[in-house]
Each structure stands twice: as structure tokens, then as C-alpha cells.
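Q: Predicted model follows, preceded by the sequence.
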Amino acid sequence: MSDRHLSSWPPSAPRDLDPPRTSLWANIENAAKANPDRRALVFYDSTLTYSEFQRECERMAGYLTEVCGVKKGDRVGVYMQNSPQFVIAYYAILRANAVVVPINPMNLTKEIRYMLEDSGAKVLFASQELAAQVLPLAGGDPLSHLVIGTYSDYLRTETDLSIPDFVRAPRQNLAEHASRGVIAWADATAKDLKPAAHSVGPDDLCVIPYTSGTTGNPKGCMHTHRTVMFTAVAPQYWFEQAEDLDSVLCVLPLFHVTGMQNSMNTPLFAGATVVILPRWDRGVAAQLIQRYKVTSWTAVPTMVVDLLSSPDIDKYDLSSIKVMGGGGAAMPEAIAQKLQDLCGITYLEGYGLSETIAPTHMNPPQKPKKQCLGIPIFGTDSRVVDPQTLKELGPNEVGEIITNGPQVFLGYWNKPDANRDCFVDVDGKKFFRTGDLGRVDEDGYFFIVDRLKRMINASGFKVWPAEVEAMLYAHPAVQEAVIIGTKDPRRGESVKAVIVPKANMRDKVDESSLIEWCHANMAAYKVPRSVEFVETLPKTGSGKIMWRALQELEDKKLAQQQQQQ
């Protein structure tokens, strides 16, 4: 690995990082002991102090161990939008010595069932507005216990903020489902049970976030408390936040590693305040930034674009923000400049994956580059290599990005074949193959060029074509299906389906009906935005569909349209 990037290293940041060698739960105990009355969570002006937050976690951990029989190493799912319940459930699971399995709240019943069965999770936390997707799974197949949370239970203060109806909704009666192990969150915590002793350490499993793969089935990424602690601690020292990380706007989804780390685990480690927004609302976001003097906000570019395009933006004081960054898609240069002009801050891009529990690279705050992944952070060895020979390439040569570092996962849960494919030994080190094609410039900064694997990046959500294709084949009218990406000025990319319909069904399916079916059978971000029906698909001599040829054809169509405009 070249050391060219060291000349751009943040001046106050150490070269190496030695995070606490404890479980993540110790962070909550430490924060509650140091500042028991400090606000830990803010939810539409309702608050939980650190001491209250710790008690809520322990009560729920007691329910997990005493009623649900959760033991050390058991997996427990969390299927919720951003809320106090998500954060409490996450840390209650850790307090109970168990492992968190976060599930995208956009997923539907079939997708949830797969993750529960694959991970072996028998207990699930779900929110009330999503209950219809998980109630069919309760009663032992695969769930033995299901805890349903109601967001309005934590609305304890009057507010002038605009609150969505799904957050205001009152608690529903779950008595008819009690025989199947279903209980309301409030009833579970009301039992006030004491959890077993906390006994996990840094090398025990902490969380298994799921990432989809090119084979079509999601894969669970095994992360220990040590790997999660590393990227929870790293931003504080990289951005010199050790003393001024006061308040964080939490709007990126917490099931995803970027939101999980930057908007939850990092601020809780620092004893800061997490200001929670379940869904993006630019008006409420601006109010919260001003009201709670938010100092740090991790956001995808589409959020920043929307906020700065608000006609009311000048009414709000956003000057408290000291650090704003994110990843998933490049920040448009014009928006970055507007952010600089309005707030005096630079959007700092970074790079990471579910397999690395967020960042492997970050831009140095004193010397960032635009539309750039940044440089490898503490103790991280990243290289650009030839995908076939694994030989390290020179400056600006394009190859695959591989990474070795303290944040790299142990491997995929129950996927030995995938583990053999995703790790390689180079110079006596075990590297993770990211599947991303990139280059390193003369200064040691990394840039992404393309993806070695098939993947569509829609507003920061990773859509793996093989997974969507597998779902489409369940449609009665679909004979063959290929998923490709189309350029989208707002989302970055969108999903397009190219379909060969069955001969006897060609008059019974159209674009709108197929998209409607997709909405009923898969998470919304995976649903094709457009559908093209064709007679045949291009194939190789061995019969494999030539998806790349279709993608290239789509790209040429777009280029021609842009030339004509």
C-alpha cells in the first residue's frame, strides 16, 4: 500500500486508533454514569435522558431474557423505522448478550421470512405500522416472540412540529394475537424484568446487517463488537469532534450501516444527543437543526439537494452544523457550492460497505476532494488491484478496490462459498474484495469508477439485479427477466426491467400492472420504475443472458437523448 495519502492526514488525528475493548453496551453505561440527565434521544421534542434510556434498555433486555428465553449469541431482529424504539431495541438486544439483525422497514413478508430463517432469529421487534407484514410469521414459524412498538408511546411532550399520521397513531389492541407470542412494547417494558448479567466482549458477535448479493439471496454480514466499535469511534477523531459532538440529526435509516454508525452508535459513544426523524421532511429537519443546534449530520446528497431547494431555507439558522458528510452517491458540485455559500461547510464524502460496517475511507476535513471517496482511515490498508492477478496498480490505473482493516467483517453468515470468493490473501494479509472498480490518484485519494459486480445505486439504496430478477420470475406472465440501471437526475440511478412475457400471457400484462405487482411483492426501492417488453433477450452461446449488452444499449439511448436536448 502506498503512503501518499499520509501527507493529507487530518493534523490532529492519530495515525492509529485503539477503541475501547468492550461491548457496545459499555458505551451506554459510561454515558449514563457521566451525564445521567443529558438528553440521549429527542423525538419530535419528546426526550429521553441517558439514565432513562439505560433503564428502558434494561427493562426490554429483561423481557428478552426472562420471557423470550434469549441467550448469549442468539439473533434478534429489528424491523422498524427510525424511532426511540429502534435505538432501545438495538441496545436491549446487546444488553441481553444477543446479536442484532436489522431489517429494512421497506421489506415485505417474504423478504423478512428469509432473513429470519437464514439468521435463525426467533424474536423480532417490529413497529405498529409494519405489523401486517410480520404477524403472519408469528406463532413459532419462524417467530416465537413478536414485540410490536407504537411510536406515539414516546410522544410525551406537546410540539409544534409536523408529525406524520403513522407516528401519531395510537396503540392498537393486540389481545387476539397474544397466544402466538405477540405483545405490545409498552406491556413488555411494564413487566420491569431484570436481565441476566452482561457477559459479551469485543470479539463476540454484535450485529448482522444483511446485504443483497449477485446470487439473488441476501447475505448476513457478521460483525463483532470490536468491528462495530471501531467505526463508531473513528469519526470523532477523524473530524476532531471529541469535544464538540453535541447533537446529531438522525434521519438516515438506522437499519443501514451508515445511519446505524454515524447517526446512532457514534453519538451514543460520545454521550451526544440523537435527534430522530423517522422519514425525511425538509421542513422539520430544518426546524430540528435550528432548535437543537445540531452539530453533525450524515446525509445522502438527495436530502441536501431537497433541503437547500426549499423556498424557506433562509428562515432557518443552520450555522450550528460543523460536520456534514455521507456517501452512497457523489454530491453534485453545484449543490456542494451552495452548501458552502449558505452554511460555510464542506460536504465530506466517504466510502464503506455493510461488510465494513460503514467507513473504510473518508475525506480529510482540512483537504477534501470533490466526488471522491477520500483516503483510507486508521489502520486501514486499501489498494487498487488487477481483478485477475491481484497485482497492485499504479496511480490512476483502474482496478478493483480491496480492503484490510479493523472494521472488516468476519464473513457472511452461513455462506462458506461466498466467504471463499470475497476474501483474498495479498502480501500475507487477508483482504476483502469490494467488487467496486476504482483508482487512486497521485495524492493517494480513492475514486470509484464502476462496479465489478452488478449493482444499481438508487438514492443510496443498493439494488442487486439478480435478487429482483428472482422475484420477477414468480410473476405468472414473466418468462424471462433482466434488470438494468437507468440514469435518474434525482435518484442517481433507477431500476428498469426488460421482460420477455410468456406467449399465452402477452395480452394480459402491461407496464403498470407489472409495477403494481412488484410493489406488492418487494421493497419499494427495488421496484422497477420502467418496464420494457421484448420478444427475446440476447444470450451467449451457452445460453446465459447478456445483461451487459442490454445495459450498454440503455446507456447509448440515454446519451443520444442528451445530445438531442
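A: Looks like it arrived, so ask away.

Q: Got phi/psi on K194?
A: The phi and psi values for K194, taken as degrees, to the nearest 10, are phi -100, psi 130.

Q: Now do the contacts for it.
A: Going by C-beta atoms under 8 Å, 6 or more residues apart in numbering, K194 touches E58, G62, E66. For the C-beta atoms, the positions are set from N, CA and C on the backbone; glycine is no exception.

Q: what's the distance between the last one and A197?
A: By that I understand E66. When distance is defined by C-beta to C-beta, to the nearest Å, E66 is 13 Å away from A197.

Q: do the first one as well
A: When C-beta to C-beta is applied, the distance between E58 and A197 equals 12 Å.

Q: R39 now?
A: Relative to A197, and taking C-beta to C-beta, R39 is found at 29 Å.

Q: Between those two, point out the one with more neighbours.
A: R39 (18 against 7; other C-beta atoms under 10 Å).

Q: wait, the more buried one sits on T49?
A: Yes - the pair R39 / T49 is scored as a contact, 6.1 Å apart, by C-beta atoms under 8 Å.

Q: Quickly find the element holding A549.
A: According to DSSP states H and E, A549 maps onto helix 547-564.

Q: Ramachandran coordinates for P359?
A: Dihedral angles (degrees, to the nearest 10) for P359: phi -70, psi 140.

Q: Skip the chain neighbours and tell me the closest residue to it.
A: G352 (4.2 Å; C-beta to C-beta, 6 or more residues apart in numbering).

Q: ok but that neighbour is inside a strand, no?
A: Yes - according to DSSP: H, G, I helix; E, B strand; the rest coil, G352 belongs to a strand.

Q: Now do the contacts for it.
A: G352 touches T231, V257, T258, G327, A358, P359, T360, H361, Q407, counting by C-beta under 8 Å, 6+ apart.

Q: Return the member of the residues you listed nearest to I183.
A: Nearest to I183 among the contacts of G352, counting by C-beta to C-beta, is V257 at 29.1 Å.

Q: Please give me every residue in contact with that closest one.
A: Taking C-beta under 8 Å, 6+ apart, one finds P209, G352, L353, S354, I357, A358 in contact with V257.

Q: Return the member of these nearest to W413.
A: Each of these was scored against W413 by C-beta to C-beta, and P209 proved nearest at 10.3 Å.

Q: ok now do the closest residue to the closest one other than its chain neighbours, which residues does it touch?
A: Distances taken as C-beta to C-beta, 6+ apart place S354 nearest to P209, at 4.8 Å, with adjacent residues excluded. Taking C-beta under 8 Å, 6+ apart as the criterion, S354 is in contact with P209, Y210, T211, C221, H256, V257, F409.

Q: what pLDDT does the third one get?
A: Among the per-residue scores, T211 shows a pLDDT of 87.

Q: List the beta-bridge partners for it.
A: In this entry, T211 is beta-bridged to K219, by DSSP bridges.

Q: which residues does it contact?
A: Counting by C-beta under 8 Å, 6+ apart, the residues that T211 touches are P218, K219, C221, L353, S354, E355, K462.

Q: go again using 6 Å as the cut-off
A: K219, C221, S354 (C-beta atoms under 6 Å, 6 or more residues apart in numbering).

Q: again, but for I499
A: V478, A481, V531, F533.

Q: Would you list the phi and psi of G77?
A: phi -90, psi 150.

Q: Now do it against L130, distance only.
A: 12 Å.

Q: With G352 instead?
A: Counting by C-beta to C-beta - G352 and L130 are separated by 27 Å.

Q: Where does the prediction get shaky in the stretch 451-565 of the chain?
A: 451-453, 540-544, 565 (pLDDT under 70).

Q: Going along the chain, name the helices of the stretch 101-250 of the chain.
A: 109-119, 131-134, 165-168, 185-190, 225-238 (DSSP state H, counting those that start in this stretch).

Q: In this structure V200 contacts A96, no?
A: No - V200 is beyond contact range of A96, at 9.5 Å (criterion: C-beta atoms under 6 Å).

Q: Can you name the residues that contact the residue sitting furthest away from the middle of the chain?
A: In the chain, counting by C-alpha atoms, centre = their mean, N504 sits farthest out from the average C-alpha position, at 41.4 Å. Counting by C-beta under 6 Å, 6+ apart, N504 touches no other residue.

Q: Could you list the low-pLDDT ranges of this protein?
A: Residues of the chain meeting the criterion pLDDT under 70: 212-216, 241-244, 328-330, 332, 450-453, 540-544, 565.

Q: quick one on the thing from earlier: nearest to L514, out of the helices of the stretch 101-250 of the chain?
A: helix 109-119 (17.4 Å).

Q: Buried ones in the closest one, by neighbour count?
A: E111, I112, R113, M115, L116, D118, S119 (16 or more other C-beta atoms under 10 Å).

Q: Contacts made by it with the rest, please.
A: So helix 109-119 is in contact with R75, G77, V101, I103, Q133, P136, L137, P142, I208, Y210, G220, going by C-beta under 6 Å, 6+ apart.

Q: out of the residues you listed, which are buried?
A: Looks like the contacts of helix 109-119 have R75, G77, V101, I103, Q133, L137, P142, I208, Y210, G220 buried, using 16+ other C-beta under 10 Å.

Q: isn't the last one right up against W413?
A: Which is G220. Yes - taking C-beta under 6 Å as the definition, G220 is a contact partner of W413 at 3.5 Å.

Q: shared neighbours of those two, which are they?
A: What both G220 and W413 touch, as defined by C-beta under 6 Å, 6+ apart, is the set I208.

Q: T486: neighbouring residues, count only.
A: Quick note: T486 (other C-beta under 10 Å) scores 19 neighbours.

Q: And the residue nearest to P359, how far from T486?
A: Relative to T486, G352 is positioned 26 Å away (C-beta to C-beta).

Q: before we move on, back to that, return the closest of the contacts of G352 with respect to D443.
A: Nearest to D443 among the contacts of G352, with distances taken as C-beta to C-beta, is H361, at 13.2 Å.
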